[in-house]
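1. this is a predicted model, with the sequence first.
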Amino acid sequence: MLLEFNPRVLGMTINCLKGIIMERHDTESYCPECGSVIYNSHYCDRCGWESNLVKFWNCCREIMKQKPKGMMAYAMTYANVGLNMIDVYQIGDQIPYILSNIQYWRGGKSKEVRSELRRILEEVK
């Protein structure tokens, strides 16, 4: 049995050996931006709203694209662990470790990633 996690669909998509796909959706909620019904708490297809968890994962992916030199190697380790986190309160504990290790990162999207991580940390704490 193969389990996949898709951030657009909260819950697990179970691919059975016979090719039968079953999807489990948690209770519906409403998008904080447009108010439409969303069946996951991470993404709204209508307006493009993303949760802090998805934004954190995107920042971690951007860090993982860098070369592991100096402090970036430690930041990449913390970012790799962060990609497996599914709780908003866990990422609040992980972000300070990542921020302390990317303080000397320059160029590319470094400024955007740092500011996004700081904003997420303020909202989570």
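-> Cool, got the structure.
2. what are the structural domain limits within this structure?
-> 2-38, 52-124 (automatic domain parsing).
3. go through those domains and find the least confident stretch.
-> Lowest mean pLDDT of the domains of the chain: domain 2-38, a mean of 51.
4. quick one: the helix or strand where residue 80 lies to chain centroid distance?
-> Assigned by DSSP states H and E, residue 80 belongs to helix 71-82. Centroid displacement of helix 71-82 relative to its chain, using Cα atoms, centre = their mean, to the nearest Å, is 14 Å.
5. run through who's touching the helix or strand that it is followed by.
-> Following helix 71-82 in sequence order, the next helix or strand is helix 88-101 (DSSP H and E). Contacts to helix 88-101, defined as Cβ atoms under 8 Å, 6 or more residues apart in numbering, come from residues 51-53, 56, 59-60, 63, 71-72, 74-75, 78-79, 81-82, 85, 114, 117-118, 120-121, 124-125. Where C-beta positions appear, they are placed from N, C-alpha and C, glycine not excepted.
6. mind running it again at 6 Å?
-> For helix 88-101, the external contacting residues (Cβ atoms under 6 Å, 6 or more residues apart in numbering) are 53, 56, 71, 74-75, 78-79, 82, 85, 117, 121, 124-125.
7. could you pull out the buried residues of it?
-> Neighbour counts using 16 or more other Cβ atoms under 10 Å place 90, 91, 92, 94, 95, 97, 98, 99, 101 of helix 88-101 among the buried residues.
8. after that helix, which helix or strand is next? Please name it.
-> helix 110-124.
9. which strands or helices does that next one pack on?
-> helix 52-64, helix 88-101 (3 or more Cβ pairs under 6 Å, 6 or more residues apart in numbering; DSSP states H and E).
10. from residue 100, how far off is the closest residue to residue 85 other than its chain neighbours?
-> Distances taken as Cβ to Cβ, 6 or more residues apart in numbering put residue 91 closest to residue 85, at 5.4 Å, once the chain neighbours are dropped. Distance, residue 91 to residue 100, by Cβ to Cβ, to the nearest Å: 15 Å.
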